[in-house]
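Asker: here is my input; please provide its structure:
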Amino acid sequence: MWEKIVLNLVSNAFKFTFEGEISVVLNQVGHSAELRVRDTGVGIPPEEIPHLFDRFHRVPNTRSRTHEGTGIGLALVHEPVKLHGGSMRVDSALGRGSTFIVTIPLGQDHLASEQIGGERTLASTATGANPFVQEALRWLPEIDSSNAEEMPLEGELLPVACPPAAEASTRRRVLIADDNADMRQYLTRLLSERYDVVAVADGHLALESVRQKAPDLVLSDIMMPNLDGFGLLQALRSNPEANTIPVILLSARAGEESRVEGIHAGAGDYLVKPFSARELLARVQTHLELARGRKESNELLRQNEQRLRAFLAANSDVVYRMSPDWSEMYSLDGKNFIPDTKNTTSGWVSTYIDVEDQTRVLSVIHEAIRNKSVFQLEHRVIRTDGSMGWALSRAIPLLDERGEVIEWFGAARDITVPKQMEVTCAKLTRSSRCESGSAPKSWKKCKAICVTCRPSYSSCRTRNDAGLRGICTTVLVRR
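Answerer: Numbering: from 1, shown residues only. The predicted structure follows:
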C-alpha cells in the first residue's frame with residue numbers, strides 16, 4: 001500500500017515537472033507519519049483542487065508529458081490513505097509547483113478490529129516499481145551515445161522475455177498511435193525487434209496508414225488530439241476492410257468503468273498506464289495469435305462457403321431457407337422452375353404451393369416442426385410461367401447448441417415429367433386388359449424399362465402404341 005502511494009505521487013510529479021526538482025520527504029509528526037512530495041512543475045488551478053482526488057478527474061489545458069491531464073491516478077492514492085485513517089491534501093501555486101502531503105496515523109489503535117490481520121482473500125494488484133521506472137525512462141531525453149556507459153541500458157535494468165524472432169517475410173505489422181513522442185519511441189523500441197512497427201501521432205494519421213497497408217494489430221492511446229483512440233476504433237470497426245483488426249487501447253484511466261467502456265467500443269484489450277513491458281509484449285503476442293487463428297478460420301469458412309455455392313449453382317435443384325416456424329421464407333433459388341425469392345417474405349404459401357395441396361403441405365410442415373425432424377413431401381407447385389408442376393421437397397432443421405431450431409435449409413426437385421408419366425400410365429392400365437392370359441395370341445412380350453411404373457407393374461399387357469413403349473416393365477406388342 002505504501003509503495004503504491006509513493007510511486008503514484010512521484011510519477012505524477014515527474015509527469016508535470018519540466019524544470020527544477022522533485023523532492024520526497026518522510027517525517028514523523030506527532031503520532032503520525034507525514035509524506036511530502038514536492039515539485040516545481042506547472043501547478044494546479046485553485047478551482048480544480050477540490051476535485052483533484054475524484055476518480056478519473058482531469059484538469060483541462062494543462063501542460064504535461066502525456067495528453068492526459070493532472071489528477072490521473074490520484075484517486076488511487078487517496079482511497080488507501082482514507083482506508084488507513086489518514087488524510088491527504090495539496091498545496092499548489094499555478095506555474096510554481098505543488099506539494100502533496102499524506103498523513104497516516106502510526107500504530108493500529110485507530111483501526112477497527114476487523115481491519116487488522118486476517119488472510120488475504122484477493123490477489124495483490126501491486127505492480128512494483130518497474131512500470132513507473134519504465135514510464136520515467138520514456139520521458140527522459142535520448143541518451144547521448146558518448147555517455148551511454150554512464151546509465152544502465154533499459155534492457156539490462158528491466159529484462160523482458162520476447163517471443164522467438166520471426167523471419168523477415170513472416171513478421172507481422174503493428175501500428176502504434178500515440179501523441180507522446182517518448183511513448184512512441186519506447187513502444188517502437190520494445191516491439192520492433194519482433195514486429196514491423198509503424199508509429200504515428202494521432203488517429204487521423206493511423207487511419208491513413210491503415211488505408212495504405214492494413215496492420216495485423218493496432219496499439220492506440222485513448223487521449224490524442226484530432227482523432228482520439230475511441231474515434232479511431234469506431235472508424236476501424238465501421239470499415240469492412242479493417243473491422244477485424246485487433247485493437248489494444250492504452251490509457252492512464254484505471255478502473256472497471258474505463259475498461260468496460262473500451263471493450264464495449266470494440267477494443268480487443270485495454271491496458272492501463274503505467275504498464276510493464278512484459279505485460280504489453282504478452283498481450284500483443286496473444287492478440288496477434290488470436291487474430292491469426294480467426295483469419296485462418298475465416299479463410300477456411302470462406303473456402304467451404306465457396307464450395308457450397310459452387311455445388312448449389314451446379315445442381316439443378318431448387319434451394320430455399322425458412323424461418324424456424326416456417327412463417328417466413330428467407331430466400332429461394334428457383335432455378336427457372338419456380339420464381340426466385342431474394343428477400344424475406346411471409347406470403348410464400350400462396351406464391352409457390354398449389355391451392356389444392358396447401359393444407360396437406362402445412363400439415364406435414366407442422367409435424368416436422370413439432371418433432372424437429374426432416375420435412376419431405378411430393379406436392380404440386382406453381383411454376384414460373386404460372387402452370388402447375390410437381391416437386392419433391394425435402395428440408396432439414398439447423399439447430400443451435402441448445403437444440404433449438406435456428407432455420408430450415410431445403411431443396412426441391414422438379415418431378416413434373418415423371419409425375420405426368422405416372423398418371424398417364426395409371427390411366428392406361430385401368431382401361432386395358434391387364435389380367436394374366438387375356439392378351440391375344442398374336443402379341444408377344446417386349447421387356448422395356450420404365451422409370452415411372454417400374455415399382456408397380458410386373459405383368460402389364462396393353463396394346464402397341466409407339467408413344468407407350470418403355471412405360472411399363474413388360475409391354476406386349478403386336479407380332
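Asker: ok, and what's touching the longest strand seen in the chain?
Answerer: What stands out as the longest strand in the chain, according to DSSP state E, is strand 388-399. When contacts are taken as CB atoms under 8 Å, 6 or more residues apart in numbering, the neighbours of strand 388-399 outside the stretch itself are 318, 320, 322, 324, 337-338, 354, 368, 372-383, 405-416, 419-420. (Glycine included, C-beta is placed from N, CA and C.)
Asker: low pLDDT regions in the protein?
Answerer: Flagging of the chain using pLDDT under 70 yields the residue ranges 55-58, 66-73, 76, 117-128, 130-132, 134-135, 138-169, 181-182, 253-259, 430-479.
Asker: pop the domain breakdown of it in here.
Answerer: Taking automatic domain parsing as the criterion, the chain consists of the domains 2-107, 168-294, 316-414, 433-478.
Asker: go through the ones you listed and pick out the most buried.
Answerer: Using mean count of other CB atoms under 10 Å, the stretch among those with the greatest mean number of neighbours is domain 168-294 (a mean of 18).
Asker: tell me how far it lies from the chain's centre.
Answerer: If you compare the mean C-alpha spot of domain 168-294 with that of the full chain, they lie 16 Å apart, counting by CA atoms, centre = their mean, to the nearest Å.
Asker: again, but for stretch 363-378
Answerer: Its chain's average C-alpha position is 36 Å from that of stretch 363-378, according to CA atoms, centre = their mean.
Asker: end to end, how far does it reach?
Answerer: End-to-end distance of stretch 363-378 (CA to CA, to the nearest Å): 13 Å.
Asker: need the residues that contact it.
Answerer: Counting by CB under 8 Å, 6+ apart, 324-326, 360-361, 390-397, 399, 403, 405, 408, 410, 415, 419 sit against stretch 363-378.
Asker: what do you get if the cut-off is 10 Å, keeping everything else the same?
Answerer: Residues lying outside stretch 363-378 but in contact with it, judged by CB atoms under 10 Å, 6 or more residues apart in numbering, are 322, 324-326, 349, 357, 360-361, 379, 390-397, 399, 403-405, 408, 410, 412-413, 415, 419.
Asker: how about CSV for the domains of the chain, with distance to Arg302 added?
Answerer: Shown next, in CSV, are the domains of the chain (distance: least, CB to CB, whole Å):
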stretch, distance to Arg302
domain 2-107, 40
domain 168-294, 12
domain 316-414, 19
domain 433-478, 40
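Asker: so which of the ones you listed is nearest Arg309?
Answerer: Closest to Arg309 of those is domain 316-414 (CB to CB; 10.1 Å).
Asker: helices or strands up against the helix or strand where Val210 lies?
Answerer: With the criterion set as DSSP states H and E, the secondary-structure element containing Val210 is helix 203-212. Judged by 3 or more CB pairs under 10 Å, 6 or more residues apart in numbering; DSSP states H and E, the packing partners of helix 203-212 are strand 173-177, strand 196-200, strand 217-221, helix 229-237.
Asker: closest one to Gly85 among the ones you listed?
Answerer: Across those, Gly85 has its closest neighbour in strand 217-221 (37.1 Å, CB to CB).
Asker: what strands line up against that closest one, and which way round?
Answerer: strand 173-177 (parallel), strand 247-251 (parallel) (DSSP bridges).
Asker: kindly format the C-alpha coordinates of that strand as CSV.
Answerer: Output in CSV follows, covering the C-alpha atoms of strand 217-221 (Å, rounded to 0.1, in the frame of the first residue of the first chain):
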residue,chain,number,x,y,z
LEU,A,217,-2.7,-5.1,-34.8
VAL,A,218,-3.3,-1.5,-33.7
LEU,A,219,-1.9,-0.2,-30.4
SER,A,220,-3.5,3.1,-29.6
ASP,A,221,-3.6,5.7,-26.9
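Asker: my read: Phe100 touches Leu74, true?
Answerer: Yes - with contact defined as CB atoms under 10 Å, Phe100 counts as touching Leu74 (8.1 Å).
Asker: mutual contacts of the two, please.
Answerer: Asn8, Leu9, Asn12, Leu52, Met88, Val90.
Asker: return the subset of these lying in helices.
Answerer: With DSSP state H as the criterion, helices contain Asn8, Leu9, Asn12 from among the shared contacts of Phe100 and Leu74.
Asker: using a markdown table, lay out these together with distance to Arg96.
Answerer: What follows is these, written out as a markdown table (distance: CB to CB, whole Å):
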| residue | distance to Arg96 |
| --- | --- |
| Asn8 | 22 |
| Leu9 | 18 |
| Asn12 | 16 |
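Asker: tell me the one of those residues nearest Glu48?
Answerer: When these are compared for distance to Glu48, the smallest value, 13.9 Å, is given by Asn12; criterion: CB to CB.
Asker: so how far is Trp408 from that closest one?
Answerer: The span separating Asn12 from Trp408 equals 62 Å under the rule CB to CB, to the nearest Å.
Asker: and His78, by the same measure?
Answerer: Distance from His78 to Trp408, counting by CB to CB: 60 Å.
Asker: Asp179 and Ala201 touch, don't they?
Answerer: Yes - taking CB under 10 Å as the definition, Asp179 is a contact partner of Ala201 at 5.3 Å.
Asker: quick check: neighbours shared by these two?
Answerer: Shared between the contact lists of Asp179 and Ala201 (criterion: CB under 10 Å, 6+ apart) are residues Asp221, Met224, Pro225, Asn226.
Asker: ok, the third one - contacts?
Answerer: Pro225 sits next to His67, Asp179, Ala201, Asp202, Gly203, His204 when contact means CB under 10 Å, 6+ apart.
Asker: repeat that for Ser92.
Answerer: The neighbourhood of Ser92, defined by CB under 10 Å, 6+ apart, consists of 39, 41-46, 48-49, 52, 70, 98-100.
Asker: so what's Ala199 up against?
Answerer: Taking CB under 10 Å, 6+ apart as the contact definition, Ala199 lies against 174-178, 181, 183-185, 187-188, 191-192, 205-206, 209, 219.
Asker: give me the distance between it and Thr188.
Answerer: As for Ala199, its distance to Thr188 is 5 Å (criterion: CB to CB).
Asker: which residues are in contact with both of the two?
Answerer: Shared between the contact lists of Ala199 and Thr188 (criterion: CB under 10 Å, 6+ apart) are residues Val174, Ile176, Asp178.
Asker: is it true that the last one touches Val200?
Answerer: Yes - because the distance of 8.3 Å satisfies CB under 10 Å, Asp178 is recorded as touching Val200.
Asker: which residues are in contact with each of these two?
Answerer: Counting by CB under 10 Å, 6+ apart, the shared contacts of Asp178 and Val200 are Arg184, Ala206, Ser220, Met224.
Asker: relative to Ala177, how far out is the last one?
Answerer: Pointing back at Met224 there. Using CB to CB, one gets 7 Å for the distance from Met224 to Ala177.
Asker: mutual contacts of these two, please.
Answerer: Common neighbours of Met224 and Ala177, using CB under 10 Å, 6+ apart, are Val200, Ala201, Asp202, Gly203, His204, Leu205, Ala206, Leu232.
Asker: of these, closest to Ala112?
Answerer: Distances from Ala112 to the shared contacts of Met224 and Ala177, taken as CB to CB, are shortest for Leu232 (47.4 Å).
Asker: and the domains of the chain: which comes nearest Leu300?
Answerer: In this view, these are compared for proximity to Leu300 by CB to CB, and domain 168-294 is the closest at 10.7 Å.
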